[in-house]
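Engineer: Pasting a predicted model and its sequence here:
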Amino acid sequence: MSEAREPRDMLPLTPAVLHILLAVADEERHGYGVMQEVEARTGGETRLGPGTLYGSIKRMLADGLIEESDERPDPAMDDQRRRYYRITGFGRKVAGAEAERLASLVSTAEAKNLVRRPWALPEGAG
């Protein structure tokens, strides 16, 4: 496991790592399930290939961001070869720190009139 225990020491995350953390933040998933969830959540804009996915998972396990789950679904509904992953407490803190970092970056871009949030009211409205 990595010696870096402060969430900010892990930043910035690669897009693949952030997507994987988001995919396992609310439920345990196997690798293919992570791939499906990322593709669905991004409307097909992001697709993690097997090499990227499993290489990232290996590093994330070593860094303590995720862990392999011992719990399995009903054997009749599952393939025993699948490995299920869940976010750790440290992984949740790292994902939150990365989300805050990205939100700050977006706020800076907004302040410089480079982007506008689609839900923002026009100036003078409201």
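Structural biologist: Thanks, I have it.

Engineer: Point out where the protein drops to low pLDDT.
Structural biologist: For the chain, applying pLDDT under 70 flags the ranges 1-4, 72-79, 119-126.

Engineer: let's see 90
Structural biologist: Applying pLDDT under 90 to the chain flags the ranges 1-5, 70-82, 115-126.

Engineer: quick one: the strands in it?
Structural biologist: Assigned by DSSP state E, the chain shows strands spanning 29-30, 66-68, 84-87.

Engineer: list the contacts for the closest residue to Arg59 other than its chain neighbours?
Structural biologist: Excluding its sequence neighbours, the residue lying closest to Arg59 (Cβ to Cβ, 6 or more residues apart in numbering) is Val17, at 7.7 Å. Using the backbone N, CA and C atoms, a C-beta is placed for each residue, glycine as well. Val17 makes contact with Ser56, Arg59, Met60, Leu65, according to Cβ atoms under 8 Å, 6 or more residues apart in numbering.
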